[in-house]
Every structure is written in C-alpha cells, then in structure tokens.
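> curious how this folds, go ahead:
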Amino acid sequence: MIHQETFTVRTCGQGMTEITDEVARILAHSGAAAGLVNVFCRHTSASLVIMENADPSARHDLEAWLDRLVPERDRHFTHTLEGDDDMPSHIKMALTRTSETIPICEARLALGTWQGLFLWEHRRSPHERQIVVTVQS
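Now for the predicted structure:
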C-alpha cells in the first residue's frame, strides 16, 4: 500500500520549522501500522533535518555553525542575481538533505524521544515550501 499527500509550510525566513505533527497526521490518515514514511522537500534552498526538538539552542547552534561554514557574500560565488543569501542557501541544501525516511512502528513514526522532523529554510525571506509525504506499508 502506498499513500501520498503534499502539504505547504509557510516559513518566516531562515530557521527551522517543526513538521513532525503534520507528517504524523498524514501517517495516521494512511492507516499504516508498519513500513516507511518518506518526506521530500521540493525546493533547492530549503532542506529537511531530524534534530533535537526539546531544546531550541541545539537547532540554533547547528544553524550558526552552517552559517559560518557557508557565509554570504563569498567572492567566489557567481550565482548572485537573487541576493546574497541565494547561493549559500543552495549550498546549505546540498550539504543537508531534501528527504528523510522514517520507520513506522505500531502506526507511529519511530522517532527517538528528543527527535523531531524540521523543514530548514535557508533563505532570509518567508517562503511557501511544498513537502511530499509518501507512506509505504
């Protein structure tokens, strides 16, 4: 059985937005008790990450570290027409993930106690991001 739904996340600009509850809702709607959930982000300047969901400082530290690794206004960038944050956002997406696969156990996402699934917006301005969720059981 395969069940698929797409939903939209409206971001506020750079940062992480937890989407665990929406993916869990889609899983419940599918009726699957065991299998896999694949979550896919349909964009090149945002990504997905499974990360600490209890203490926001862990997410902040990861974001700050990646900002230091891929700074804006790098003189070597040639793709600059869409702003200083555009090429860094593409690189950040490429270094992270556009999809996550999570096991289903007893009709629930098999995430650990402190794990959450997050859409990571790499652009400074707000965007609408499309997320495709595919449940296989």
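
> look up how far Gly31 lies from the residue positioned nearest the centre of the chain.
Centroid check for the chain by CA atoms, centre = their mean gives Leu48 as the closest residue, at 2.1 Å. Distance of Leu48 to Gly31, computed by CB to CB, to the nearest Å: 24 Å. Heads up, the C-betas are built off the backbone N, CA and C, glycines and all.

> give the phi and psi angles for the nearest residue to Ser45 once chain neighbours are set aside, as a check.
Excluding its sequence neighbours, the residue lying closest to Ser45 (CB to CB, 6 or more residues apart in numbering) is Ser89, at 3.7 Å. Dihedral pair for Ser89: phi -70, psi -40, per degrees, to the nearest 10.

> wait, what's in contact with Ser89?
Going by CB atoms under 8 Å, 6 or more residues apart in numbering, Ser89 touches 45-46, 122-123.

> kindly report the same for Ala46.
Taking CB under 8 Å, 6+ apart as the criterion, Ala46 is in contact with 11, 89, 93, 119-123, 127, 129.

> and if we set it to 10 Å?
9, 11, 14, 17, 89, 92-93, 96, 98, 119-123, 127, 129-131 (CB atoms under 10 Å, 6 or more residues apart in numbering).

> filter the residues you listed down to the buried ones.
Buried by 16 or more other CB atoms under 10 Å: 9, 11, 14, 89, 92-93, 96, 119-123, 127, 129, 131, out of the contacts of Ala46.

> would you state the helices of this protein in chain order?
Counting by DSSP state H, one finds helices in the chain at the ranges 20-30, 56-69, 86-95.

> CA atoms only for the shortest one, dumped as CSV, please.
Extracted in CSV, the C-alpha atoms of helix 86-95 (Å, rounded to 0.1, in the frame of the first residue of the first chain):
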residue,chain,number,x,y,z
ASP,A,86,20.7,32.7,-2.5
MET,A,87,23.9,30.7,-3.3
PRO,A,88,24.6,30.0,0.4
SER,A,89,21.1,28.6,0.6
HIS,A,90,21.7,26.2,-2.3
ILE,A,91,25.0,25.0,-0.8
LYS,A,92,23.3,24.5,2.6
MET,A,93,20.6,22.5,1.0
ALA,A,94,23.2,20.4,-0.8
LEU,A,95,25.1,19.7,2.4
